[in-house]
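> take this sequence and fold it.
(chains A and B)
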Number of protein chains: 2
Amino acid sequence: MGIIVQKFGGTSVANLECMQQVLAKVTSAHCDGANKVVVVLSAMSGETNRLIDLASQWSTRPDSAEMDSLVSTGEQVSVALFSMLLKDAGYNARSILGHQAEIKTDSKFGRARILDINSDRLKSYLEEYDILVVAGFQGINCDGRITTLGRGGSDTSAVALAVAVDADVCEIFTDVEGVYTTDPNLCSTARKIPKISYDEMLEMASMGAKVLQIRSVEFAKKYNMTVHVRSTFSDCNGTFVTQEDESMEAVLVSGIAYDKDQIRVTVCDVEDRPGVASAIFLPLADAGIVVDMIIQNTSRDGKTTDMTFTVPRNDLEKTQEIINRIESDIKASEVLIDERVSKVSVIGVGMRSHSGVASRMFESLCKEGINILMISTSEIKVTCLIEEKYTELAVGTLHDTFELDKEGHVCT
Amino acid sequence: MGIIVQKFGGTSVANLECMQQVLAKVTSAHCDGANKVVVVLSAMSGETNRLIDLASQWSTRPDSAEMDSLVSTGEQVSVALFSMLLKDAGYNARSILGHQAEIKTDSKFGRARILDINSDRLKSYLEEYDILVVAGFQGINCDGRITTLGRGGSDTSAVALAVAVDADVCEIFTDVEGVYTTDPNLCSTARKIPKISYDEMLEMASMGAKVLQIRSVEFAKKYNMTVHVRSTFSDCNGTFVTQEDESMEAVLVSGIAYDKDQIRVTVCDVEDRPGVASAIFLPLADAGIVVDMIIQNTSRDGKTTDMTFTVPRNDLEKTQEIINRIESDIKASEVLIDERVSKVSVIGVGMRSHSGVASRMFESLCKEGINILMISTSEIKVTCLIEEKYTELAVGTLHDTFELDKEGHVCT
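Numbers count the residues shown, from 1 in each chain, chains lettered A, B, ... in the order given. All right, here's what the predicted structure looks like:
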């Protein structure tokens, strides 16, 4: 007997009509008893925001632990309602909450990470029931307090549960058909990618191809769980996110990602001495701010240098607070913030064995008169920071350059 | 250091303004650290009904286990919000859910009974925090599934928690000043009772003096926990529900209770043979229907008899289903339902040592021309079933007869 994990987001469970569509997907996966199904649900769309708004009436800075206990009720409501539907339809089903599945996380309320799931308990539930409806997004810390995994956390719940029950596949249902070579809204020739490696997906996701929460892909990679990203509104296959294989390496570039939600921070004229970088980046890391690109200029006078980096737009306020606090310590002359920037990346595992991707990228941007502000590279990605207004132009140009509009393209 | 348990119902936590009043009560009980406080909250008023309505859109007969998981979110929301207020005001406080306090119940979803509370865990929470905000109404069964205790269940949660932490007193805040000699809406001379015994309170509560859930009083009696029923809107003492003492016995009758929510069922011409009563009442009990008064007429022909009993109005439909199912088995000729009845009771521990209460009651009703349909008695209560339209007249007459309008009355 197979085990299938299916995850549905907030818009898929927004109301009774939507849930009935989900019911059809789930019962079809159940396939008259051929498979056991673990359904992972988010809160009904709008519910999490309603609860956050409620809390903001009560407190300007709501206690984070209480906040998690509050917002986790959203998923609790949707799994109870969906289980009622399943029971009414005659299925042997029940809801499971984070504390019931013993989804153990760390204590970073609001952005907790899953540490462990009680796999034995879940398997015994699966022996007893045909369909389990598990609340996504939530877990418990070592003290039994409710934690939440952050926006999109239900994806991670789904993959982690799939690993815990040794599922055959983890299906993530969403409102798009799968993962595209780039954002179809920005580039009309964007194509659906049938199969993509974990590493490529990680780069796509972290760059704002917001189909899957990045941590869910990390989890999938770690435990080699195949994730099938597909549409709630069709029966077509979507994109399989899976282990790298030879056919993938034949493709030089798999996709173009971009991210407008970054800001550039330049801390000017800091002392050029050991420890300055950690004086800046340790407090940012402690505050949970993910710093992406970092550039430290060569010191011209041997005494001072500029430190430039990017952080998510949401963390601007927190970043400014921290920099202000340490400014005198690192003896910075000023701090420049540039909000009108955008990151554009070309991604592909094929880069590992082929050179020249970066230079073709730079040449292509140059031809369009787009100035490159910062560059960073990894094994399978080249990223340029550019002025935000050029984002669409850059994405379109790069999509053409690397022939991503062509089926099974192989660029050499 | 003292420990005080305070319970607030749904109207007391209906919105931010109400919760701020509750905050004042709680911080006053905390008394600058002189006492630890355990606050027990219900769902914000209207929330439980909103969730029940939601479920009824999903299912005509919602699964009871899922229903409990659904409605328990109501309390989860109120304890999280109230804890945020406390934290904002600088108090060392946190919320506690049913599964966190390990409030173990049986598995009768929707009307579960508390079996055990993890007293050690609560006490360790109390060492760590000054104020605990516990979700009332909810617990978990042996499988860790969420259960609810039925309407008014938060009262029972409060008393059970008070017992578990060895509290000095359990204060139940409500929208009335305390327990009255009878319903002030029906009888203008009704007086607040300063002190009442558990047994009297049990009879008052079960008869519809809906100040306290009956099970909470049973719990209080079992563990000899003093319950102080008082108003959210004043600082006056309310009614202390406590152990019986001599001064109480001097009072013949403590209160007059009534209940319009009963219906009378007569099963006509059933066989007069051993086993007939259990054939009727066993299935009713199995369905969780509380049968109150029962009368079996003397058989006139030696073959058949009539069986008359009362059940709560809410259980009418279920009762009819059950009786229809067993009708042919017990060979009943017909079933009569009378919905226009009312129970009126006089209650007092003084009856144990004084006779003549019943006869004075009957005489008093007779004088007003009120016909008595059924009678039942216990050690400390006499109950008459009468036509519903006479309820107010009966209550007023009995209140006068037993001089309940007089302070510290002693009837002999």
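
> helices of the stretch 251-400 of chain A, start to end?
Using DSSP state H, counting those that start in this stretch, the helices of the stretch 251-400 of chain A run over A:276-286, A:316-330, A:357-367, A:391-401.

> return the most buried member of those.
Stretch with highest mean neighbour count among the helices of the stretch 251-400 of chain A: helix A:391-401 (a mean of 20; mean count of other C-beta atoms under 10 Å in any protein chain shown). No exception for glycine: its C-beta is placed from N, CA and C like everyone else's.

> about what we covered before: which of the helices of the stretch 251-400 of chain A sits closest to chain B?
helix A:316-330 (19.9 Å; C-beta to the nearest C-beta).

> what comes into contact with the closest one?
The contact list for helix A:316-330 (C-beta atoms under 8 Å, 6 or more residues apart in numbering or on different chains) reads A:263, A:265, A:267, A:270-271, A:276, A:279-280, A:283-284, A:287, A:289, A:311, A:332, A:335, A:337, A:339.

> switch the cut-off to 7 Å
Helix A:316-330 is contacted by residues A:263, A:265, A:267, A:270-271, A:276, A:279-280, A:283-284, A:287, A:289, A:311, A:335 when judged by C-beta atoms under 7 Å, 6 or more residues apart in numbering or on different chains.

> next, the angle helix A:276-286 makes with it.
With axes from the mean of the first three to the mean of the last three C-alpha atoms, to 10 degrees as the basis, helix A:316-330 and helix A:276-286 are set at 150 degrees to each other.

> could you give the mean pLDDT of stretch A:279-286?
Mean per-residue pLDDT for stretch A:279-286: 91.

> CA atoms of that stretch as CSV?
Extracted as CSV, the C-alpha positions of stretch A:279-286 are listed here (Å, rounded to 0.1, in the frame of the first residue of the first chain):
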residue,chain,number,x,y,z
ALA,A,279,30.6,43.2,14.6
ILE,A,280,28.1,44.0,11.8
PHE,A,281,26.9,40.6,10.8
LEU,A,282,26.6,38.8,14.2
PRO,A,283,24.0,41.1,15.6
LEU,A,284,22.0,40.9,12.3
ALA,A,285,22.2,37.1,12.4
ASP,A,286,21.1,37.1,16.1
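
> gap between that stretch and the chain center?
Between the centre of stretch A:279-286 and the centre of its chain there are 23 Å (C-alpha atoms, centre = their mean, to the nearest Å).

> ok, now stretch A:40-49?
17 Å.

> list the buried residues in it.
By neighbour count with 16 or more other C-beta atoms under 10 Å in any protein chain shown, stretch A:40-49 contains the buried residues A:40-45, A:47-48.

> A:Thr156 reaches A:Ile117, doesn't it?
No: A:Thr156 is beyond contact range of A:Ile117, at 11.1 Å (criterion: C-beta atoms under 7 Å).

> shared neighbours of those two, anything?
In contact with both A:Thr156 and A:Ile117: no residue, using C-beta under 7 Å, 6+ apart.

> more neighbours: the two, which one.
When A:Thr156 is set against A:Ile117 and neighbours are counted by other C-beta atoms under 10 Å in any protein chain shown, the residue ahead is A:Thr156, at 28 against 22.

> show me the contacts for that one.
A:114, A:149, A:213, A:215-216, A:219.

> go on, A:Trp58?
Contact partners of A:Trp58, counting by C-beta under 7 Å, 6+ apart, are B:16, B:81, B:84-85.

> residue of the stretch 101-250 of chain A nearest chain B, please.
A:Gly144 (5.3 Å).

> element containing the nearest residue to that residue once chain neighbours are set aside?
Closest residue in space to A:Gly144, ignoring its immediate chain neighbours: B:Gln100 at 5.3 Å, by C-beta to C-beta, 6 or more residues apart in numbering or on different chains. Of the helices and strands defined by DSSP states H and E, none includes B:Gln100.

> state the pLDDT value of B:Gln100.
For B:Gln100, pLDDT reads 97.

> got it, and A:Lys210?
We have a pLDDT of 69 for A:Lys210.

> repeat for A:His409
47.

> could you do A:Cys366 as well?
94.

> assign the nearest residue to A:Tyr180 once chain neighbours are set aside to helix, strand or coil.
Among residues not flanking A:Tyr180 along the chain, A:Ala190 sits closest, at 4.5 Å (C-beta to C-beta, 6+ apart). Following DSSP: H, G, I helix; E, B strand; the rest coil, the label given to A:Ala190 is coil.

> A:Ser154 should be in a strand, yeah?
No: under three-state DSSP, A:Ser154 sits outside any strand and is assigned helix.
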